[in-house]
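Chemist: pasting the sequence and the predicted coordinates here, then a few questions.
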Amino acid sequence: MATQSGVSVTASATGLLLYAGSGQVTQLAWWDRTGKQLSKIGEPIDGIVMFRLSPDGRQIAIQRATAEVHDLWLLDSDRGIVSRFTADRTLTTQPVWSPDGRTMVFTHLGSSTLFRKPTNGIGSEQVAFQRAMNNALPLDWSPDGRWLLTRETNPDTKYDI
């Protein structure tokens with residue numbers, strides 16, 4: 001997933017591309033390698049800040065930030081149905097799918113705690129681990145499920161991976 005000047009892009013293992021502008025009302029859509037739009041996904045959604053495609057390409061984790069909402073949502077890419085994944089008073093961000101797609105790791109902006117929650121929505125978030133540094137952001141999960149890549153902010157060294 002990449003974000004540049006308000007544009008987010010993520011690709012599936014099959015080569016399909018998911019592309020959208022961010023910040024206002026956004027229509028997610030599938031695109032092929034030639035730049036041809038294949039289909040739209042669901043209805044337009046307001047306040048998309050970022051999104052991540054699940055490993056099987058069937059769900060999309062969406063971070064929304066509007067005046068009322070600062071949470072993660074799941075979009076079923078086949079049916080176009082959106083469901084709320086987190087409900088918290090803080091800004092929930094940086095969704096990262098486990099390799100099998102059954103768990104998601106995320107954080108609350110400004111926190112040094114990473115949380116995990118089953119992607120079926122059953123159960124509440126649990127602390128995955130706590131880091132000493134502030135602003136720990138999950139970035140990726142290794143294919144074997146053993147390692148989580150994070151970026152952390154340190155006043156002396158700036159951004160650490």
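Modeler: Yes, it's here.
Chemist: so what's the residue positioned nearest the centre of the chain closest to, chain neighbours aside?
Modeler: By CA atoms, centre = their mean, the chain has its centre lying nearest to Pro95, at 3.4 Å. Distances taken as CB to CB, 6 or more residues apart in numbering place Ala61 nearest to Pro95, at 3.8 Å, with adjacent residues excluded. Any C-beta I mention is one placed from the backbone N, CA and C, and that applies to glycine too.
Chemist: okay, and the beta partners of the one you found?
Modeler: Arg52, Leu74 (DSSP bridges).
Chemist: for Ile161, see how far away it is.
Modeler: 21 Å (CB to CB, to the nearest Å).
Chemist: among the two, which residue is more densely surrounded?
Modeler: Using other CB atoms under 10 Å as the criterion, Ala61 and Ile161 rank with Ala61 on top: 23 against 7.
Chemist: my guess is the residue nearest to Pro95 contacts Val105, does it?
Modeler: No - with contact defined as CB atoms under 8 Å, Ala61 does not count as touching Val105 (10.5 Å).
Chemist: find residues that contact each of these two.
Modeler: Pro95 (CB atoms under 8 Å, 6 or more residues apart in numbering).
Chemist: hmm, back to that, so what's the residue nearest to Pro95 up against?
Modeler: Neighbours of Ala61 in contact, by CB under 8 Å, 6+ apart: Phe51, Arg52, Ser54, Leu72, Trp73, Leu74, Phe85, Pro95, Trp97, Met104.
Chemist: now distance to Thr119 too, for the residues you listed, in CSV please.
Modeler: Shown next, in CSV, are these (distance: CB to CB, whole Å):
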residue, distance to Thr119
Phe51, 14
Arg52, 11
Ser54, 7
Leu72, 10
Trp73, 12
Leu74, 7
Phe85, 8
Pro95, 9
Trp97, 7
Met104, 5
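Chemist: right, and the pair among these with maximum separation?
Modeler: Trp73 and Trp97 (14.1 Å; CB to CB).
Chemist: closest one to Ser112 out of the contacts of Ala61, please.
Modeler: Nearest to Ser112 among the contacts of Ala61, with distances taken as CB to CB, is Pro95, at 17.6 Å.
Chemist: that closest one and Ile60: what is the separation?
Modeler: Distance of Pro95 to Ile60, computed by CB to CB: 9 Å.
Chemist: what do the two both touch?
Modeler: Arg52.
Chemist: and Thr119, how far from Trp97?
Modeler: 7 Å.
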